[in-house]
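S.K.: Predicted coordinates and the sequence they were generated for:
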Amino acid sequence: MSPLARQVLAGLAGAAGGLLAAKVIFRPDVTFQEPPASAGIAKPVLPTRAAQILAFGQPSATVPSPLVYRNHVLEYDSARRVPKWVAEHLTKDMVKQQVANRKGVNFSPDPLIPTQFTSTNQDYWGSGWSRGHMAPAGNNKHCQDSMRDTFYLTNVVPQDIDNNGNYWNRLEIWVRGLTEQYQDVWVVSGPLWLPQDNKEIIAATAVDDSKPVDDSLKTTVKSEIGSKVESSESEHKQIRKVRPPRPSPKTVSYQVLGPNNVAVPTHLYKVVLVSDPMLDRPLLGAFVVPNIPVGNQHLSEFKVELGEVEKGVGVTFHPELDRKMVGDLCIQSGCNMQDYKEFQQFFWTRRLKSPWNLRNLERDWAEAMKKGVVNSELELVYNESKARLEEKELMKVEEKAVGAPAA
DNA sequence: CGGGATGAGGAT
DNA sequence: ATCCTCATCCCG
């Protein structure tokens, strides 16, 4: 043992106490061996050395992988307090059932995660970010217990609330709908932290260097993918004349929430794989959506190569899938999600169906008109609710009229 | 469908 | 005194 190593171990012994030090110093299998000088069959000399380097044990995962639940499987990111990926398998029978709902189910810390690495509801409360399911609750209506599993915070990432309820929600509904056409649907969802667009950073610094950091972030935090639609090539060329690009000024930056520093992803991804007896090969689509409000863009706008998602997540998806034998889901199916206006009928119907009183009903109806989501079906719901409420209020008046003289 | 904010009441 | 659950009301 070299003097230096001895010194280090002595220092450790002083810090950790004699028992621990004795265990290490006198372990015969941790002694260093000189590599063989002669070239021959490789001896396991490196593992022995590695054992000494890792004398106190190899840094280990804090949580098993994968974590298995009733109807989804995931890998947890203990550093960011969110999942790395969440995998599901959907079928028509499973998605069609309606035995479970969200009532009485709340988000909660996952008991499988040590407190040191968990996130809590407090991290999200008042943060400005919503708790976005990766395995959606709506994919688990067939079983209340499996739906409850999806409310563990291991299945949740901080998500822009408009994105969550609108675009991402429509994407999830579209994926569920794929079970109508294809026998098996496999979905993997998760968060991404992508660097800011190179060119946009250059643009921001070129326009005005004295700009406060927050202002430049507002214009540059948009994703490589999300902003591709909006930015024009000519703008970039013009700016490049003003100032040549700096070498690769890319940065990944993200907000963290609450006492546990839950990481807010810049993007969310979804990898969709379908198979069916009617298909000669499985079909795959990979999508990356920026974690900001997204309007009516076609899903194809967010389609990416699977390899791009893998580079961002650091994993290989479906490693046993023969990629040469996989077709393009968007080419085959069109990737036509529900339009936003069409989608709004869902909650506007519900709102007009169960109003608290006439005043609320009239207010909601006026708002629905204003937003242009009214159709004949919605008008029918409105008229039925109105008639029902008016009758109810009439009953009340009659009851009072009958009861009053007696008193 | 997807979410949040608030306050009352109960448990610790 | 503080946390947690639940009911209620709200949003897109």
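M.R.: Perfect, I can see it now.

S.K.: Which positions in stretch A:181-196 come out as buried?
M.R.: Going by neighbour count (16 or more other CB atoms under 10 Å), the buried part of stretch A:181-196 is A:182, A:184-196. The way it works is simple: take the backbone N, C-alpha and C, and place the C-beta from them, glycine included.

S.K.: any idea which of those is the one closest to DNA strand B?
M.R.: Ranked by distance to DNA strand B (CB to the nearest atom of the strand), the buried residues of stretch A:181-196 are led by A:Ser189 at 11.1 Å.

S.K.: Help me confirm that the closest one is found in a strand?
M.R.: Yes. A:Ser189 sits within a strand when classified using DSSP: H, G, I helix; E, B strand; the rest coil.

S.K.: rewinding a little: just put the buried residues of stretch A:181-196 in JSON lines and tack on pLDDT and distance to DNA strand C.
M.R.: Listed next are the buried residues of stretch A:181-196 as JSON lines, based on pLDDT from 0 to 100; distance: CB to the nearest atom of the strand, whole Å:
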{"residue": "A:Tyr182", "pLDDT": "98", "distance to DNA strand C": "26"}
{"residue": "A:Asp184", "pLDDT": "98", "distance to DNA strand C": "28"}
{"residue": "A:Val185", "pLDDT": "98", "distance to DNA strand C": "22"}
{"residue": "A:Trp186", "pLDDT": "98", "distance to DNA strand C": "25"}
{"residue": "A:Val187", "pLDDT": "98", "distance to DNA strand C": "20"}
{"residue": "A:Val188", "pLDDT": "98", "distance to DNA strand C": "23"}
{"residue": "A:Ser189", "pLDDT": "98", "distance to DNA strand C": "18"}
{"residue": "A:Gly190", "pLDDT": "98", "distance to DNA strand C": "22"}
{"residue": "A:Pro191", "pLDDT": "98", "distance to DNA strand C": "20"}
{"residue": "A:Leu192", "pLDDT": "98", "distance to DNA strand C": "23"}
{"residue": "A:Trp193", "pLDDT": "98", "distance to DNA strand C": "26"}
{"residue": "A:Leu194", "pLDDT": "97", "distance to DNA strand C": "25"}
{"residue": "A:Pro195", "pLDDT": "95", "distance to DNA strand C": "29"}
{"residue": "A:Gln196", "pLDDT": "80", "distance to DNA strand C": "26"}
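
S.K.: Greatest separation within the residues you listed: which pair is it?
M.R.: A:Asp184 and A:Gln196 (37.5 Å; CB to CB).

S.K.: any idea what the nearest residue to A:Lys141 once chain neighbours are set aside is structurally, helix, strand or coil?
M.R.: Distances taken as CB to CB, 6 or more residues apart in numbering place A:Ala100 nearest to A:Lys141, at 4.9 Å, with adjacent residues excluded. On the three-state scheme (three-state DSSP), A:Ala100 is labelled coil.

S.K.: Go through the buried residues of stretch A:181-196 and say which is closest to A:Asn155.
M.R.: Looking across those and measuring by CB to CB, the closest to A:Asn155 is A:Ser189, at 9.3 Å.

S.K.: ok, that closest one - contacts?
M.R.: A:85-86, A:88, A:134-135, A:268-271 (CB atoms under 8 Å, 6 or more residues apart in numbering).

S.K.: still on that earlier bit, contacting residues for the residue nearest to A:Lys141?
M.R.: A:140-144, A:146-147.

S.K.: Just the buried ones from these, in PyMOL syntax?
M.R.: To isolate the buried members of the contacts of A:Ala100 in PyMOL, using 16+ other CB under 10 Å:
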select buried, chain A and resi 140+141+142+144+146+147
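
S.K.: At which residues are the strands of chain A located?
M.R.: A:67-68, A:73-77, A:82-90, A:130-133, A:156-159, A:184-192, A:256-257, A:262-263, A:267-275, A:283-290, A:303-304, A:327-328 (DSSP state E).

S.K.: Show me what the second one packs onto, helices and strands only.
M.R.: If I follow you right, that is strand A:73-77. strand A:67-68, strand A:82-90 (3 or more CB pairs under 8 Å, 6 or more residues apart in numbering; DSSP states H and E).

S.K.: What's the local residue count around the residue in chain A that DNA strand B sits nearest to?
M.R.: Closest to DNA strand B within chain A is A:Gly138: 2.5 Å, counting by CB to the nearest atom of the strand. Around A:Gly138 there are 18 other residues, counting by other CB atoms under 10 Å.

S.K.: Same check on A:Glu384?
M.R.: Neighbour tally, A:Glu384, other CB under 10 Å: 12.

S.K.: just A:Tyr167 next, same as before
M.R.: 25.

S.K.: what sits against A:Glu310?
M.R.: Contacts of A:Glu310 by CB under 8 Å, 6+ apart are A:316-317.

S.K.: again, only this time at 6 Å
M.R.: By CB atoms under 6 Å, 6 or more residues apart in numbering, the contact set of A:Glu310 is A:Thr316.
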